[in-house]
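S.K.: Everything below, folded, please.
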Amino acid sequence: METLVDYAGPADTGGPFARLTLNSPHNRNALSTALVEQLHQGLRDAAADAAVRAVVLGHTGNTFCAGADLSEAGGGDPPSAYDLAVARAREMTAVMRAIVSAPLPVIAAIDGHVRAGGFGLVGACDIVVAGPRSSFALTEARIGVAPAIISLTLLPKLSPRAAARYYLTGETFDAAVAAEIGLVTMAAEDVDAAVAGLLGGVGRGSPQGLAASKALTTAAVLDGFDRDAERLAEESARLFVSEEAREGMLAFLQKRAPSWAS
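M.R.: Now for the predicted structure:
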C-alpha cells in the first residue's frame, strides 16, 4: 500500500514527540480512505510509544488537507452510494475522535491551504500553528453539501458569528483571521520555531498530567460526538448522494460553474 501518512517517532524526531505528516500532495492530501486509515494507525502507534509526549501533525506540499477525495465519490445505485457515504462519514468521525480522545496532545503545524474536511482535523487538534502561506475556506455549500461531520470539532472552537459567516459564504481567510475566530491557536511567521517552543513546554509535562489536563478541555467535545456523530454521519451521506451534490462535485472536477450558479 502506498504510504500517504509518514510516521516518525522520538528516535527520528530527536525529541519526546512523534510526527505524522500527510504526504499525498498529488491530490492535496485529500481524505481518501487509505489516508484516513493510515492517519488513524499513526495515532495509535504514537499512543503506544511510552517515549512520546505529543504528536505533531504536519503536511507536505502547499495544502494541509483539501477535504474529501471527490474521486472516490463513486457511482452505483442510490442505496449503495448512500451506504458508502455513511461508512466514509463514520470513518472521518472516528479519526477526528481519535485525535480528540488521544491521551497525547496533538499539535497541528500548518503552512498551506485547508479546505472542507481538513477543517475537521484542525478543529480536533489541541493546539494549531498556522503559517503565512495558510488559507482557509469552508466551501461545502458551493458543491451542494454542508460541513456536517466537521462541525463536531469546529462549532466548539469557532465563535457563532464566525461559524455562520464562513459556513455560508465559503470565503477564504488567512491565518490571522483563523486565530482571531478561534480556529487556530496562533499565526506564526516561522511555524517550525513556534511548534518547537510549544513542544518545549509540553515536554515538561508528565504522561498522567498531560492526559488529565487534556481530558478537561475535550470532555464537552466528546459529549458532542456521543450525542450527534451518527445523526451527522447520516445527514452528511444524504447530502453527499443527492442530485445537487452530484452536480456540484461534477462541476468541481470539470472546473466549471454548477447549474445553480448565477
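
S.K.: Would you mind listing the buried residues in stretch 19-26?
M.R.: By neighbour count with 16 or more other C-beta atoms under 10 Å, stretch 19-26 contains the buried residues 19, 20, 21, 22, 23, 24. (C-beta placed from N, C-alpha, C; glycine too.)

S.K.: Wait, the fifth one touches residue 7, no?
M.R.: The one in question is residue 23. No - here residue 23 does not reach residue 7: they are 10.2 Å apart, not a contact under C-beta atoms under 8 Å.

S.K.: returning to that earlier point: pLDDT for the buried residues of stretch 19-26 - can I get that in TSV?
M.R.: Formatted as TSV, the buried residues of stretch 19-26 follow (pLDDT from 0 to 100):
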residue	pLDDT
19	98
20	98
21	98
22	97
23	95
24	94
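
S.K.: from the residues you listed, which single one is nearest residue 2?
M.R.: residue 24 (8.2 Å; C-beta to C-beta).

S.K.: Can you check which helix is longest in the chain?
M.R.: helix 207-240 (DSSP state H).

S.K.: Report the buried residues of that helix.
M.R.: 210, 214, 218, 221, 224-225, 228-229, 232-240.

S.K.: thinking again about what came up before, dump the buried residues of stretch 19-26 to TSV, plus secondary structure.
M.R.: Shown next, in TSV, are the buried residues of stretch 19-26 (DSSP: H, G, I helix; E, B strand; the rest coil):
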residue	secondary structure
19	strand
20	strand
21	strand
22	strand
23	coil
24	coil
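
S.K.: buried residues in the lowest-mean-pLDDT helix or strand in the chain?
M.R.: None of the helices or strands of the chain scores lower by mean pLDDT, DSSP states H and E than helix 78-101, at a mean of 88. Residues 81-82, 84-86, 88-93, 95-101 are the ones in helix 78-101 that count as buried (16+ other C-beta under 10 Å).

S.K.: pLDDT of the longest helix of the chain, averaged?
M.R.: Averaging pLDDT along helix 207-240 gives 97.

S.K.: Can you get me the centre-to-centre distance for that helix and its chain?
M.R.: 13 Å (C-alpha atoms, centre = their mean, to the nearest Å).

S.K.: What's the first helix or strand after it?
M.R.: Per DSSP states H and E, the first helix or strand lying C-terminal to helix 207-240 is helix 243-253.

S.K.: Could you list the buried residues of that next one?
M.R.: Neighbour-count burial for helix 243-253, counted by 16+ other C-beta under 10 Å, picks out 245, 246, 248, 249, 251.

S.K.: In a markdown table: those residues, plus pLDDT and distance to residue 106.
M.R.: What follows is the buried residues of helix 243-253, written out as a markdown table (pLDDT from 0 to 100; distance: C-beta to C-beta, whole Å):
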| residue | pLDDT | distance to residue 106 |
| --- | --- | --- |
| 245 | 93 | 30 |
| 246 | 93 | 35 |
| 248 | 93 | 31 |
| 249 | 87 | 30 |
| 251 | 94 | 35 |
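
S.K.: May I see these arranged in TSV, with distance to residue 138 as well?
M.R.: Shown next, in TSV, are the buried residues of helix 243-253 (distance: C-beta to C-beta, whole Å):
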residue	distance to residue 138
245	16
246	20
248	14
249	16
251	18
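
S.K.: between those, which is nearest residue 11?
M.R.: Looking across these and measuring by C-beta to C-beta, the closest to residue 11 is residue 249, at 42.3 Å.
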